[in-house]
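Engineer: here are the coordinates; sequence isn't available:
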């Protein structure tokens, strides 16, 4: 059960924040918001998305802007961010906030596919934040994505919306508006 506003009634409620506005508008003063418990659907287990964040040199111009977009989701536990170039490494919130990334140079999507295969039971949806120049994923990974019904959403900056390399695994492509 969750406590919240369930309707209006004649019993005065000192926590009704809108009563003063209703008085000013000439609405009836006898109706008050009523708070009580009600049942709500809540997921049994908390699910978070796996975000694979391309930190290669070709992304350096847009990295600060993209990091600011990811921070609230990591803070709320709705996303786990992994940085990748040719290797995948977890990107903690403190590094995301300060803009500290570790790159190995170049970009290779197969390290992301290997990471997804290692965590096959826990990764149900993925977001790959990249400029699209990642190389083509190997065939076993493509097959695993389709066999396990994984959702792979690719987000591309408008400065480089290259979609060809990831077309075989992408559920959707989203191109962000320009940074400048």
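Structural biologist: Thanks, I have it. Just so you know, these numbers come straight off a predicted model, no measurement behind them. Residues are numbered from 1 along each chain as shown.

Engineer: you'd agree residue 165 is up against residue 128?
Structural biologist: No. Under the criterion of C-beta atoms under 8 Å, residue 165 lies out of contact with residue 128, with a separation of 10.4 Å. From N, CA and C alone the C-beta is placed, and that goes for glycine too.

Engineer: more neighbours, those two?
Structural biologist: Using other C-beta atoms under 10 Å as the criterion, residue 165 and residue 128 rank with residue 128 on top: 24 against 18.

Engineer: need the contact list for the closest residue in space to residue 54 that isn't next to it in sequence.
Structural biologist: With C-beta to C-beta, 6 or more residues apart in numbering as the criterion, residue 54 has its nearest non-adjacent residue at 3.7 Å, and that residue is residue 130. By C-beta atoms under 8 Å, 6 or more residues apart in numbering, the residues touching residue 130 are 52, 54, 59, 107, 154-156, 166.

Engineer: From those residues, which one has the minimum pLDDT?
Structural biologist: Of all these, residue 59 has the smallest pLDDT value, namely 86.

Engineer: buried set for stretch 114-123?
Structural biologist: Neighbour counts over stretch 114-123 (16 or more other C-beta atoms under 10 Å) mark 114-116, 123 as buried.

Engineer: Show me what secondary structure element comes after the longest helix along the chain.
Structural biologist: Under DSSP state H, the helix in the chain containing the largest number of residues is helix 63-75. The helix or strand immediately downstream of helix 63-75 is strand 79-84, counting by DSSP states H and E.

Engineer: any residues touching the helix or strand just after that following strand, and which ones?
Structural biologist: Counting by DSSP H and E, the next helix or strand C-terminal to strand 79-84 is strand 88-90. The contact list for strand 88-90, computed with C-beta under 8 Å, 6+ apart, reads 52, 80-83, 102, 111-112, 114-115.
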